[in-house]
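>>> give me a model of this one.
(chains A, B, C and D)
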There are 2 protein chains.
Amino acid sequence: MASSTPRSLNARKQPIQGRAAVTLDAVFEATIQLLLRDGPHQLTTTRVAHRAGVSVGTMYQYFPHKQALIYALNDRYLKALAEKIEVVCREHHGKPAADMIEALIDIYWRAKTERSDVTRALYRSVADMDNSALIEAFAIRADAATTAMLATASDTTFADLALVNRTLVTVIFGTVRNAFERNLTGAVAEDLRRELLKMCRAYLTHHSHN
Amino acid sequence: MASSTPRSLNARKQPIQGRAAVTLDAVFEATIQLLLRDGPHQLTTTRVAHRAGVSVGTMYQYFPHKQALIYALNDRYLKALAEKIEVVCREHHGKPAADMIEALIDIYWRAKTERSDVTRALYRSVADMDNSALIEAFAIRADAATTAMLATASDTTFADLALVNRTLVTVIFGTVRNAFERNLTGAVAEDLRRELLKMCRAYLTHHSHN
DNA sequence: ACCTGAACACCGTTCAAGT
DNA sequence: ACCTGAACACCGTTCAAGT
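Coordinates of the predicted model:
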């Protein structure tokens, strides 16, 4: 009884009417813009509301608190990313395993790098919030997509598909994140990416040898 | 001239006298305890000061603002981690490359997992703060230690040591972080760790073949 | 020389009053 | 039915007053 129930991070209501959807879009847009321009520390509810052209009270109709707004923003981003991964995975069904891995590295890397300012802003915004549910939802979709893909590899069958898949996904996503955090760019980043691919391929070869 | 100079994240003064060092320790201890118990959102300067048994004003003598406190906390943690890595690397000079990698994975994994609550609290605390300087300082120390180690491998020489080293370090650290973020524990985590080692070894073999 | 804590500006959140 | 924004509690930060 001593522990307080955490407040829900879900949005308070769904945009059912068109007007509400427009309002929501404006709020999201204002949030990301302010996040990019001034950083998470300067992101206040008043400023978001003002930039979105609504009152604070209206914002609180859609988001029960500030964290829910940031949560929703990250949710949007991760859902779009999961979508991209699913598409690429589907496109590579039946291809050789090495090609699959290359495509996976490629899409994830590009998605994070294309708008590195947005990626960075979102990474930084997410702190001080319990984002495990977001991470898990994303991981489940990504795992499903890559597992389904790997199962159809034209040149390899895996004794333990789930294990190999989890390893590859964790290594790739983790490496990209870390490379990003370390600010590796340009030629250095390209080299790393090539080496990551080599590494994954060496792992695949090793597994098909067992 | 339009951009504002960011406030320094460095501590305001160094603890020169013994009393000050004690005070600083109390503040750090209070911070980590509150972070663990209530999370970063509930971490207020008033509460930290109260728990540390000092006044807010005193805290502001040592830290120019709240972020500097969190920055210093993470700095301590990363310096201790770098220290551990340096020790392990030194201990493995002259060993086979595969053993080196195993030791590196082991120490990093253990350091993050041993007090997973602390690791998680620090990850979450760091947001909304520019931590790139911290990350970079840590990366430089880790890179130096692992490069020096790999250069002495008894069974392998590397055509491009810097590249291989950067790849290994980025992959390992990134994977551990991602595994951690995905909340992989117990047998699943153990399996992943074993696979990560296999993968790094396969990569090493591939490189010595070239 | 160092510490204190009331005071200030501003933030997150609410809710009575508007339309 | 939905929106507004003044009001409230509380936070980060300062600084005159203490020792």
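>>> please count neighbours and contacts with C-alpha atoms only from this point.
OK.
>>> what helices or strands is the strand or helix carrying A:Phe180 leaning on?
Of the helices and strands defined by DSSP states H and E, A:Phe180 is found in helix A:161-181. For helix A:161-181, the contact count by 3 or more Cα pairs under 8 Å, 6 or more residues apart in numbering or on different chains; DSSP states H and E identifies helix A:97-114, helix A:132-150, helix A:186-209, helix B:161-181, helix B:186-209 as packing neighbours.
>>> what angle separates it from helix B:186-209?
Per axes from the mean of the first three to the mean of the last three Cα atoms, to 10 degrees, the angle that helix A:161-181 makes with helix B:186-209 is 70 degrees.
>>> is the longest helix along chain A anywhere near DNA strand C?
The helix of greatest length in chain A, counted in residues with DSSP state H as the criterion, is given as helix A:66-91. Yes. Judged by Cα under 7 Å from any atom of the strand, helix A:66-91 and DNA strand C are in contact via A:66-67.
>>> would you mark the buried spots in that helix?
For helix A:66-91, the buried set under the neighbour-count rule, 16 or more other Cα atoms under 10 Å in any protein chain shown, comprises A:67-75, A:78, A:81-86, A:88-89.
>>> that one packs against which elements?
Counting by 3+ Cα pairs under 8 Å, 6+ apart, the packing neighbours recorded for helix A:66-91 are helix A:97-114, helix A:132-150.
>>> dump the ones you listed to TSV, plus mean pLDDT, mean neighbour count and distance to chain B.
Conversion of these to TSV gives the following (pLDDT from 0 to 100; neighbours: other Cα atoms under 10 Å in any protein chain shown; distance: least, Cα to the nearest Cα, whole Å):
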stretch	mean pLDDT	mean neighbour count	distance to chain B
helix A:97-114	92	18	13
helix A:132-150	90	18	6
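>>> which one is A:Arg177 nearest to, not counting chain neighbours?
Once its chain neighbours are removed from consideration, A:Arg177 has its nearest residue in B:Gly174; the separation is 6.5 Å (Cα to Cα, 6 or more residues apart in numbering or on different chains).
>>> picking up where we left off before, how far does the longest helix of chain A sit from the chain's center?
Centroid displacement of helix A:66-91 relative to its chain, using Cα atoms, centre = their mean, to the nearest Å, is 5 Å.
>>> could you check the angle helix A:132-150 makes with it?
Computed by the same axes, to 10 degrees, the angle between helix A:66-91 and helix A:132-150 is 0 degrees.
>>> residues near the residue nearest to A:His206 when sequence neighbours are not counted, how many?
Nearest residue to A:His206 in three dimensions, chain neighbours excluded: B:Ala202, at 6.6 Å (Cα to Cα, 6+ apart). Using other Cα atoms under 10 Å in any protein chain shown, the number of residues around B:Ala202 comes to 22.
>>> re earlier: out of the helices and strands packed on helix A:161-181, which comes closest to DNA strand D?
Evaluated with Cα to the nearest atom of the strand, the helices and strands packed on helix A:161-181 place helix A:132-150 nearest to DNA strand D, the distance being 23.5 Å.
>>> those residues of chain A touching DNA strand C, which are they?
Within reach of DNA strand C by Cα under 7 Å from any atom of the strand, chain A has these residues: A:42-46, A:56-57, A:60, A:64-67.
>>> helix, strand or coil: sort out A:Asp155 for me.
Look at A:Asp155: counting by DSSP: H, G, I helix; E, B strand; the rest coil, its state is coil.
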